[in-house]
Structures are given as C-alpha cells and as structure tokens.
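> Sequence and predicted structure below; questions after.
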Amino acid sequence: MSHVKDLLSPYLDRRLSPAEMKKVEEHFSSCAECRTEFEELRAAVQKMKGFPQASLPSGYMARLERKMRAEDSREPFLTMPYKITAFAFSGLMIIFISKGLLEFYVVNRGRAAFRSSSLDQLASRRQILERSIIAGKAKPADLAVPESQLKGELAAGDEIRDEVAGYRAQKMKDEEKLNEEKSSFGLSAPAAAPLEDNPREFSAGRKESMNSTPQSAFAGAAVNQRQNVPVFESLQVRTKKQAPLSETESPDEGREAILFAKNYVSQPGQNSVQQKIRGRSLDKSNAGAMNLQQPAPVLKTGDAFRSDADDKLWSSKPLGERLYKVQYLRYSFEVDLEHKKIRGLDADSQQLLKN
Amino acid sequence: MAYNLALKLTGNPSDAEDLSQDALLRAVKALPRFRGDSSLSTWLYRIVLNTWKNRVRSESRRGLWKFISLDWLPQEDEKREEFFKSNEPPVDHSLLQAERFGEISAALAKLDDESRAVIVLRDIEEKSYEEISEILDIPLGTVKSRLARARDGLKEMYKEKSNEPR
C-alpha cells in the first residue's frame, strides 16, 4: 500500500481532484501513519493561523511621512545627459591638470638640473683658477667674466638697443607726419603720445636739430559768459605726453601773427576793436595794446609759445604755411603772414567790427 | 497591512517598519504604472514581498543576514502587552498574543526564505494558491510543491519540539 504523504498539504487545502480526495480519505481509514502525519501537519498549520495582528508602532506614520518628503527632495539633481556631460568634463579637467602638472614637474626638474650643473661648472672653474693664481700661473683678472662671453652679451644688448632706437625714430617720424597733415587741414594737433614722458627733456635733447616747440592744447582763454570774466587766461596745459613739433610751426611766426592781429585791431581805422572787446571783458589789466616795434621776447623752445608771454589773453595756432589763427578771448582772426593781412574773422569778431 | 506582513516576514518590529515603509514608498512611486491586472491588495503584497526578497538577498550577500533574534521583545509582560495592543479585534489576551507571536516567529525564522514566504501567504494571510502564484510570480504547481515542502518542514520542527525533554 502506497502512502499519500505527498497529497497531505493539498488535501488540507482541498486542492485535490474529487478522485484524489476520495483516495486520500480511503487511505486514512486503513493507514494510521498517514493519518497521524496529517494531524501533525494540520496542527502546525493551525498554529500559524494564530499569528496575532499587531498595531502600528507609535510615530510610524510621522516617520513614513518624513521618509516620503526626503524621497521627494532627493529627486535626481542632474538628469542623465547632464551627468554624462559633467562626467566627461571632469575627465577632461583631470587630464589637463595632470598634463600641466607633469610638464611643470619635467620643466622644473630640467631647469634645476641645468642650473645646478652650470653652477657646478662655474664653481669648479673658479676653484681651478684660484689655485692657479696662488701658484702664480694665472692673474686675478682671469677670474673675471671671459671676454668672449662679455662680447656676446654686449652685442646682444647693442642689437636690442638699436632695435628700440629704430622703433622710436620711426614712431616719431610717423607722428610728425600725422601732425603735419593735420596742421595743413587746419586741425589742432592731437595730444599724441611720443615715447618720452618729459617734454622738456625730450625737446632739449632735440633742440639742435629741430627748431620747433612742443605742442600744447590751444591756449585760448575761456570766459565765464555770465560774468564775462576770463576763467583761465591761458591754457598752458602741459600734458605729460605731448606731440612733437611741426616743421611749419615757428615761435617767431606765432609771435608775429599775434602782434599782427593786435596791431590790426588797434588801428584807428578799425575803431579800436580791442577797446570794444576789452569793454566786454572785466580783465583790463592784461588788455594793453602792443606795439609792433616792441622787441619780441625770446621764446624758448618748449614754452607754450602760442600765448604771448606778456599778454596771455592772446594766443596763436598754425593753420598752414605762414597762416595762423590768433585768438583773443573768444574772438579769433586768421592771420596771413605771407600777404600781411587778416584773412578771416569769426562770426563774433565780424559782429563786433560791424558795431 | 504592509506593516503586519512585513512583521511576519522579518520577525521584528524595527525591520518590519523599515521594510513596510520602503515598500510603501515604492508603491507610491509605482502607482501610476499600476494597470489593474490584479487587485490592489495583491499588487501591494507583491511589492512588499519583492522589497523583502531584495533586502534578504543584499544582506545575505554582505553576510549580515542572521537568524532573527527575539531579544527585541520587551521582557516585562506589561510592555509586551502594550506592543500587541490592537483595536481590532478587541484584545483581551495581549500577553497570550505576545507568546504566540514569539513562538510562531521563532518557527518561521528557522525556515528558509522561500518556505517562509509561502507559509506566511497561505497559512497566516490565507491567500489562495492563485494569489500566491501571482504575488510570488511562480507557477501554480510550484506554489503547491513549495507549500508542501514548507509545511513538512514546519511539521517536523514542531514534532521535534514536542519530543524535546521538558
């Protein structure tokens, strides 16, 4: 008689076919062993059914809520494409940094090695020379830097100096040319930038070769229109960087132009324009008419020649070949020295002469 | 439900809380993917069981898995009663329940994971074979054989216990 031990578990759950169920029941009636097995099995299963239902521990829901909130805030910081990019970027950075560090290390090691070997050589050579001097086989002068080495350094230095000088000369020439062009177009020279910082030193050095003066801003006298008082008499502003002198510019001619203009406005036929002008200015002390015969004061190269040394209300500015613009306060005249005449008056001056 | 199932599977409240909460978080995340092929209850059982299996696997891989100790159970009777207090059904025998819990948990702890899962689902949770098949994602025949084997082990365990000299 075969036992039905394999069918006991499904028989307990009534998961057998009716035929199998009947077979097991019939077997139980004749087999005490299988019946006992079944009873033991049922008892064990019955014990399981007695598992008590536990209540939730206190604070369970609060902790669950906290976990949920934490989970929400732990949303992926970077999405996948950004993660890949960031990873690749960090990889590249690591490669570059390591490469840089390696190169730095190699180069420095090389330099250090070179430096130490050179120093060693020099030191040993010096020691040999010193011994030779003591032994009377060499002179102390031999300790000096070898002549050939010195020559090499000097040659290199000369080369650099020549190059710099050439560059400076070229730059100066260019600027002079530019100023010339601007002067011929009646433009004021810009406060261009020559290499020298000190115009006085610079022009003193070039005094012999260039009969001209440094450029300054046009020395017109600004006037406070409301009070009609000159705010500043002459703009002898010496900028740190001044343009080199124009070839057409001459201190004598500038002076001549000012004197010509002064003479022109002082002529009796002109009804003393200067008197009229002066009448509008509160500054009367500097407004005295000048005589053409009065010897022109010696103007030093480097001075702001445009302004008359004695009467700083007057100033001149070259416009072309022996052609100057002369300014007195806010009135200006174009003085043609070649033809000895006043060529143009600005609107203010014309108005003044009419009156 | 999730907590009680987890308690049966893990055998201690602290692990049960962790397991059930992890499973609930997973369920909340997976809820939009729930297609309604099975009942929501079966679906949740499945999530708890899968979470538990993953934990057991990773812990045994790390060699941390150990037999469940029942030392966590409060030693004083009052506290044990407190632990098993539940609103439904009205509990008058908390101490008895605590003893029963200790006994069953000790027996379950001696079973292997597969057997424990199938015993918990069939004999404690009283799930049908079909539901167990769905929850554990195994064929019906496997459910039958696995259950028979697990019950046999359980029966032998109790038999040995009853033969032990008192």
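Sure, I can see it.

> where's the residue of the stretch 51-200 of chain A found nearest chain B, which helix or strand?
Nearest residue of the stretch 51-200 of chain A to chain B: residue A:52, at 3.7 Å (Cβ to the nearest Cβ). Using the backbone N, CA and C atoms, a C-beta is placed for each residue, glycine as well. Assigned by DSSP states H and E, residue A:52 falls within no helix or strand.

> got the phi/psi numbers for it?
phi -70, psi 150 (degrees, to the nearest 10).

> Would you mind naming what in chain A lies close to chain B?
Applying Cβ under 8 Å from any Cβ of the partner chain, we find that chain A lies next to chain B at A:6, A:8-10, A:12-13, A:15, A:37, A:40-41, A:43-45, A:47-57, A:60, A:63-64, A:67-68, A:71.

> Restricted to strands, list these.
Among the residues of chain A next to chain B, no member is found in strands (DSSP state E).

> how much space is there between the residue lying closest to residue B:24 once chain neighbours are set aside and residue B:19?
In space, and not counting its chain neighbours, residue B:24 is closest to residue B:2: 5.7 Å by Cβ to Cβ, 6 or more residues apart in numbering or on different chains. Relative to residue B:19, residue B:2 is positioned 8 Å away (Cβ to Cβ, to the nearest Å).

> One more: residue A:120?
Here the criterion is Cβ to Cβ. By it, residue A:120 lies 75 Å from residue B:19.

> can you check residue A:106 too?
From residue A:106 to residue B:19 the distance is 58 Å (Cβ to Cβ).

> Looking at those two, which has the bigger crowd around it?
Applying other Cβ atoms under 10 Å in any protein chain shown to residue A:106 and residue B:19 shows that residue B:19 carries more neighbours, namely 23 against 10.

> The helix or strand where the more buried one lies: what's the following helix or strand?
If you go by DSSP H and E, residue B:19 is part of helix B:13-30. Proceeding N to C from helix B:13-30, the next assigned helix or strand is helix B:40-61, under DSSP H and E.

> Now do that next one: which elements does it pack against?
When contacts are defined as 3 or more Cβ pairs under 8 Å, 6 or more residues apart in numbering or on different chains; DSSP states H and E, helix B:40-61 packs onto helix B:2-10, helix B:13-30, helix B:113-119, helix B:129-136.

> so can I have JSON lines of those showing mean pLDDT?
Below are the helices and strands packed on helix B:40-61 laid out as JSON lines (pLDDT from 0 to 100):
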{"stretch": "helix B:2-10", "mean pLDDT": "88"}
{"stretch": "helix B:13-30", "mean pLDDT": "88"}
{"stretch": "helix B:113-119", "mean pLDDT": "91"}
{"stretch": "helix B:129-136", "mean pLDDT": "92"}
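
> Highest mean neighbour count out of the ones you listed?
Neighbour counts (mean count of other Cβ atoms under 10 Å in any protein chain shown) averaged over each of the helices and strands packed on helix B:40-61 peak at helix B:2-10, with a mean of 23.

> Show me what it packs onto, helices and strands only.
helix B:13-30, helix B:40-61.

> now those as JSON lines including distance to residue A:321?
Converted to JSON lines, the helices and strands packed on helix B:2-10 look like this (distance: least, Cβ to Cβ, whole Å):
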{"stretch": "helix B:13-30", "distance to residue A:321": "94"}
{"stretch": "helix B:40-61", "distance to residue A:321": "101"}
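
> ok, then the element right after the helix or strand of chain B with the lowest mean pLDDT?
For chain B, counting by mean pLDDT, DSSP states H and E, helix B:77-83 ranks last in confidence among helices and strands (a mean of 58). Remark: after helix B:77-83, the chain's next helix or strand is helix B:94-109, criterion DSSP H and E.
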